[in-house]
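J.: This is the structure alone, sequence omitted:
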């Protein structure tokens, strides 16, 4: 399943995707955008997949955009630059639209669009030594890949401005305090911890988890009235789902639910 830019492995019910350009600290490329999008589309239609974990080869998550490519982009017409960014945006949207959880395992660092990618994921595990850097401003650039939206969902405007306008490295502990990072682990353990998280979803009700993911994203932008309406609609769907039948029966019968047999 692997390609030149990604190392892809199925581990039980979890798909491990490793960004594979260690010579550039896994700088992101249009090929990566397309291939990662394809992996997520495949996971969405495979009922046996419970989660996707994204990590980086060589002890570093991603340095973000390739500066040589960004330099070359300066010679393009604005419409061509916009088209290239469309590939990045479609990848970010595919992470958010995926019905399965997508988990980032960050070692070393996540910079620029690499930080955008990590924070677009549903959960983030980071090693204690990892740094997050909104590095765009250092190159005279502005954030992309939804970074400001991801940060605004967890932090006040002043913090979003500080991180993006100064472009200073931020520790995993501070990102955890902000709420962006769920777990901080020892160096070299981020991938194992993320895979363990993914494995927890293997025993969870897949469709219910997908609905919860949808609700979590919508809650950041919806009014209370719209969110109440969405919650009601998804609760109606959930009540009619076989997952609810199994979950409620297991609770009443004082046994563990077997959601795995309902995957399709």
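T.: Good, I have the coordinates. Predicted, not measured: the structure shown is a model, and the values here were computed from it. Numbering: from 1, shown residues only.

J.: residues of the lowest-mean-pLDDT helix or strand in the chain that come out buried?
T.: Here the helix or strand of the chain ranked lowest by mean pLDDT, DSSP states H and E is helix 67-73, holding a mean of 77. For helix 67-73, burial by neighbour count (16 or more other Cβ atoms under 10 Å) applies to residue 70. In this view, the C-beta of every residue, glycine as well, is placed from N, C-alpha and C.

J.: So what touches whichever helix or strand comes after it?
T.: Tracing the chain C-terminally past helix 67-73 and defining elements by DSSP states H and E, one meets helix 78-97 next. For helix 78-97, contacts defined as Cβ atoms under 8 Å, 6 or more residues apart in numbering pick out 28, 30, 32-34, 36-37, 40-41, 44, 73, 76, 102, 113, 116-117, 120-122, 144-146, 217.

J.: all strands of the chain, in order?
T.: For the chain, strands defined by DSSP state E occupy the ranges 6-11, 14-19, 51-56, 102-106, 109-111, 123-127, 131-133, 170-171, 183-185.

J.: where does the nearest residue to residue 69 once chain neighbours are set aside fall, phi/psi-wise?
T.: Nearest non-adjacent residue to residue 69, counting by Cβ to Cβ, 6 or more residues apart in numbering: residue 29, 7.2 Å away. Dihedral angles of residue 29 (phi, psi; degrees, to the nearest 10) stand at phi -140, psi 160.

J.: sorry, back to before: including distance to residue 62 and mean neighbour count, could the strands of the chain go into CSV?
T.: Converted to CSV, the strands of the chain look like this (distance: least, Cβ to Cβ, whole Å; neighbours: other Cβ atoms under 10 Å):
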stretch, distance to residue 62, mean neighbour count
strand 6-11, 12, 15
strand 14-19, 6, 23
strand 51-56, 5, 28
strand 102-106, 9, 29
strand 109-111, 6, 28
strand 123-127, 13, 26
strand 131-133, 11, 22
strand 170-171, 15, 19
strand 183-185, 18, 20
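
J.: hey, where'd the helices end up in the protein?
T.: Along the chain, the stretches classed as helices by DSSP state H are 30-45, 67-73, 78-97, 113-120, 147-152, 157-166, 172-178, 190-201, 206-219, 224-239, 242-252.

J.: Okay, angle between the first one and strand 6-11 too, please.
T.: Calculated by axes from the mean of the first three to the mean of the last three Cα atoms, to 10 degrees, helix 30-45 forms an angle of 20 degrees with strand 6-11.

J.: If you count neighbours, what's buried in helix 30-45?
T.: By 16+ other Cβ under 10 Å, the buried positions in helix 30-45 come out as 30, 32, 33, 35, 36, 37, 39, 40, 43, 44.

J.: Check the longest one too.
T.: By neighbour count on 16+ other Cβ under 10 Å, the buried set for helix 78-97 is 85, 87, 88, 91, 92, 94, 95, 96.

J.: sorry, back to before: how many neighbours does the residue nearest to residue 69 have?
T.: If you count neighbours by other Cβ atoms under 10 Å, residue 29 ends up with 18.

J.: Please verify my assumption that it contacts residue 64.
T.: No: with contacts counted by Cβ atoms under 8 Å, residue 29 stays clear of residue 64, the gap being 10.9 Å.
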